[in-house]
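Undergrad: Here is the input, now give the coordinates:
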Amino acid sequence: MAKKIERTLKLQIEAGKATPAPPIGPALGQVGVNIGDFVNRFNDGTKDMMGNIVPTIVKVYDDKSFDLEFKTPPASQLIMKKLGIKQGSGKNLTKKVGKITQTQLEEIAQEKLADISAKDAKQGAKIIAGTARSMGVEVEG
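TA: Numbering: from 1, shown residues only. Now for the predicted structure:
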């Protein structure tokens, strides 16, 4: 018989840097997950993504076991990494923080293709361009 999912948690944690300290520990403790086991599995599963924030879906079953599903980093973080900027603009219409090319948008879209609702990288680039504009990044082309 299949296990029954008791709870689903969505967490955003830096890859390879999960610790039992807040906010992770208390969030998992409330649902009865073994925090040490979570930390080890998360850090092992994300060691190749170091430097990125990894959105993670934790499915907790009725027997307190759990599964982890790792998503790709947020588009905004990938844009900042690609352009080498620390943060977006607080005033995206008047203050621009950088420029991004169509090729760069397609590269980011290709990386996120599994997590966005686009058929190919060209369509995905349009979605990523919208995120870039909202961050105060000028889209070229």
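Undergrad: Show me what stretch 34-45 is in contact with.
TA: 13, 16-20, 24-25, 28-29, 56, 58, 64, 66, 68, 70 (CB atoms under 8 Å, 6 or more residues apart in numbering). The way it works is simple: take the backbone N, C-alpha and C, and place the C-beta from them, glycine included.
Undergrad: Which of these fall in helices?
TA: Among the contacts of stretch 34-45, the members found in helices (DSSP state H) are 24-25, 28-29.
Undergrad: Let me know the helix or strand that the residue positioned nearest the centre of the chain is in.
TA: Centroid-nearest residue in the chain, with CA atoms, centre = their mean: residue 73, separated by 3.0 Å. Under DSSP states H and E, no helix or strand contains residue 73.
Undergrad: Skip the chain neighbours and tell me the closest residue to it.
TA: Using CB to CB, 6 or more residues apart in numbering and skipping residues adjacent in sequence, the residue nearest residue 73 is residue 52, 4.2 Å away.
Undergrad: Return the distance of the biggest helix by length in the chain from the chain's centre.
TA: Taking DSSP H as the criterion, the chain has its longest helix at helix 121-134. Relative to its parent chain, helix 121-134 has a centroid offset of 16 Å by CA atoms, centre = their mean, to the nearest Å.
Undergrad: Partner strands of the next helix or strand after it and their direction?
TA: Toward the C-terminal end, the helix or strand that comes next after helix 121-134 (DSSP H and E) is strand 137-139. Applying DSSP bridges, strand 137-139 is found paired with strand 98-100 (parallel).
Undergrad: For the strand it pairs with, give the mean pLDDT please.
TA: Average pLDDT, strand 98-100: 95.
Undergrad: what do you get for stretch 112-128?
TA: Here the average pLDDT along stretch 112-128 is 93.
Undergrad: Offset the numbering so it begins at 674, please.
TA: Let's use 674 as the start, then, which means that last one is stretch 785-801.
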